[in-house]
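Undergrad: I'll drop the sequence and a predicted model, then ask my questions.
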Amino acid sequence: MKLYVKDVADLVGGTIYGNPNCEIFDISKIQESKEGDLTFLYLPSYSKFLETTKASAVILKPDQPKLRNDLTYIVTEKPELAFQLIIRKYFTQEISLKGIDNSAYIDITAIIGQNVSIGKNVVISADCQIGDNTIIFHNSVLLENVKVGKGSLIYPNVTIRENCELGNNNIIHSGTVIGSDGFGYSPRSGGGYEKVPQIGNVVLEDDVELGSNVSIDRAALGSTVVKKGTKIDNLVQIAHNVEIGDNSAISAQSGIAGSTKIGKNCIFGGQVGIAGHIQITDGVLIGAQSGVSKTIDKPGKYFGYPAKEMGISLRQEGHIRNLPAYADRIKKLEAEIVLLKTELRNKIKDSE
């Protein structure tokens, strides 16, 4: 694809410094760019690459220096958002799947909307409903009475179990399982476990995206719910009867135990563990590898195991790192105390 810097600047509302007719053929990371590429810079730690990048044009913030005369600059307040807009407009690869493949199995009771695309070996079971403009890629399986809204995208090898409901404009990546049985067992008196029936479902509201190999368990009763706008990264486990509020974001390898309620606009870092039957209020950020064992009812940043308010946790971590130095100081103080006691006893003896 061939673009000109002026086309890109018009799209993102940026100011050009340099040649508006500079030709752009591709986009790339600033440290890997070649001639004819457009790149961007927004993190200060990447400023060092501005001196060596081979890109022809760079998007950057107004306060970032324009170090080289051989580059053309597009200046905007949020280079990362501008770059995303350019990718969507000019560089996003169009989905190639069109129509319904002959190898797909679609039950006669299923309702298929207009302009739906279904790939090879897909199974659409009885009483399913698929909304307009939805795309379901190869080898995905939808069991009975699954509902998928309009404009959704389901990648290969996704499993959606019976009675689950997906809203509009969902994106489900490969290997994800929606509606697997919740982890419910009752101990038997003589040993072993009795499986508790899991007869609920999973409900994903609109504009939800699930990464690859996400597991969302169906509720024992009622629904496991992921509300609108929430984004879930790869390898996340969400247990039965969990509820996740609007526009939350959960990073890779996190796990949420059963019946926990997550509020709106929460952000969890990677490998966060959440205990069951607790509540996390709106606007909570939990740092990576934290473990939450109790209800959080105050918005803010939390970190550690068990998770505490960020400031408290970081101070405690600082003290832990300083334990060897503290131990040395304690030993010195103990030696000084022994010395002072000895001197004091000697003075008392002398005075007698």
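TA: Yep, it's here. Since the structure is predicted, the reported quantities are computational estimates derived from the model, not experimental observations.
Undergrad: And stretch 255-268, end to end?
TA: Stretch 255-268 stretches 10 Å from its first residue to its last (C-alpha to C-alpha, to the nearest Å).
Undergrad: Stretch 220-228 now?
TA: First residue to last in stretch 220-228 (C-alpha to C-alpha) measures 22 Å.
Undergrad: what's the answer for stretch 134-154, then?
TA: End-to-end for stretch 134-154, by C-alpha to C-alpha: 8 Å.
Undergrad: which parts of that stretch are buried?
TA: Neighbour counts over stretch 134-154 (16 or more other C-beta atoms under 10 Å) mark 134-143, 145-154 as buried. Where you see a C-beta, it was placed from the backbone N, CA and C, and this is true even at glycine.
Undergrad: swap in stretch 8-26?
TA: 8, 9, 11, 12, 14, 16, 18, 22, 24, 26.
Undergrad: Give me the average confidence score over it.
TA: Mean pLDDT, stretch 8-26: 94.
Undergrad: Only C-alpha atoms, please: export it in PDB.
TA: Provided in PDB are the C-alpha atoms of stretch 8-26 (Å, rounded to 0.1, in the frame of the first residue of the first chain):
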ATOM      1  CA  VAL A   8      -2.100  10.100   7.500                       C
ATOM      2  CA  ALA A   9      -2.000  13.500   9.100                       C
ATOM      3  CA  ASP A  10      -5.500  14.400   7.900                       C
ATOM      4  CA  LEU A  11      -6.800  11.100   9.300                       C
ATOM      5  CA  VAL A  12      -5.400  11.600  12.800                       C
ATOM      6  CA  GLY A  13      -5.600  15.400  12.900                       C
ATOM      7  CA  GLY A  14      -1.800  15.800  13.300                       C
ATOM      8  CA  THR A  15       0.500  18.600  12.400                       C
ATOM      9  CA  ILE A  16       3.200  17.900   9.800                       C
ATOM     10  CA  TYR A  17       6.900  18.900  10.300                       C
ATOM     11  CA  GLY A  18       8.800  18.000   7.100                       C
ATOM     12  CA  ASN A  19       7.600  16.700   3.800                       C
ATOM     13  CA  PRO A  20       3.800  16.200   3.500                       C
ATOM     14  CA  ASN A  21       4.400  14.200   0.300                       C
ATOM     15  CA  CYS A  22       6.700  11.700   2.000                       C
ATOM     16  CA  GLU A  23       5.700   8.300   0.800                       C
ATOM     17  CA  ILE A  24       4.600   5.600   3.200                       C
ATOM     18  CA  PHE A  25       4.500   1.900   2.300                       C
ATOM     19  CA  ASP A  26       4.300   0.100   5.600                       C
END
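Undergrad: Report the distance from that stretch to the chain centre.
TA: Computed by C-alpha atoms, centre = their mean, to the nearest Å, the chain-centroid distance of stretch 8-26 equals 31 Å.
Undergrad: next one: stretch 264-280
TA: On C-alpha atoms, centre = their mean, the centre of stretch 264-280 falls 12 Å from the chain's centre.
Undergrad: and what of stretch 43-52?
TA: 26 Å.
Undergrad: what comes into contact with that stretch?
TA: 30, 31, 41, 58, 60, 64, 67, 68 (C-beta atoms under 8 Å, 6 or more residues apart in numbering).
Undergrad: Quick one: mean pLDDT over the lengthiest helix in the chain.
TA: In terms of residue count, the longest helix belonging to the chain (DSSP state H) is helix 323-351. Mean per-residue pLDDT for helix 323-351: 89.
Undergrad: Also stretch 260-280?
TA: The pLDDT scores in stretch 260-280 average 98.
Undergrad: how about it: buried residues?
TA: By 16+ other C-beta under 10 Å, the buried positions in stretch 260-280 come out as 260-270, 272-275, 278, 280.
Undergrad: Filter those residues down to just the ones in strands.
TA: Using DSSP state E, 261, 262, 267, 268, 273, 274, 280 are the members of the buried residues of stretch 260-280 that sit in strands.
Undergrad: Got the confidence number for residue 172?
TA: At residue 172, pLDDT is 98.
Undergrad: For the closest residue to residue 262 other than its chain neighbours, list each beta-bridge partner.
TA: With sequence-adjacent residues excluded and distances taken as C-beta to C-beta, 6 or more residues apart in numbering, residue 262 is closest to residue 244, at 4.5 Å. Judged by DSSP bridges, the bridge partners of residue 244 are residue 226, residue 262.
Undergrad: got it, and residue 141?
TA: Where residue 141 sits in a bridge, its partners, by DSSP bridges, are residue 123, residue 159.
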